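1. Next input, structure requested:
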Amino acid sequence: MIGTDETREIVDWRKTTEDGKPTYEIEYNEPVPEPTGRSKPLFGASSGGTVPAGEQSFLLPDGEQIPATEVVCEADGTTLRVRHEPSTLARLRRYLPW
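-> Sure thing, here's the model as predicted:
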């Protein structure tokens, strides 16, 4: 989970760069599980509809949105580390004219 819910709140967060990639360290007030898949609080249209995989994203504390296909998460107790790692396909699209 990224963000808050009924019992979990963000205590602190910071954005750093590791190996040239943006990394967020988000600290919560209680242990946080590593995101394992798509859940309603993170994904989906507000109307309850389905969002195509290519349009799903994570919204981070500073307002940055990262495509769900380009996020790598690691949980360690109350800290969640979120890295933006563009997929191979996303990197190819930047260089190909189509």
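
2. which residues does Val72 contact?
-> By CB atoms under 8 Å, 6 or more residues apart in numbering, the residues touching Val72 are Val82, Arg83, Glu85. C-beta coordinates here come from the backbone N, C-alpha and C atoms, glycine included.

3. Can you tell me which of those is nearest Ile66?
-> Within the set of the contacts of Val72, Val82 lies nearest Ile66; the separation is 7.8 Å, counting by CB to CB.

4. Pairing partners for the closest one in the sheet, please.
-> Note on Val82: beta-bridge partners Tyr24, Cys73, judged by DSSP bridges.

5. For it, the count of nearby residues, please.
-> Residues within reach of Val82, counting by other CB atoms under 10 Å, total 22.

6. returning to that earlier point: using pLDDT, spot the least trustworthy of the contacts of Val72.
-> Across those, the bottom pLDDT score, 84, is held by Glu85.
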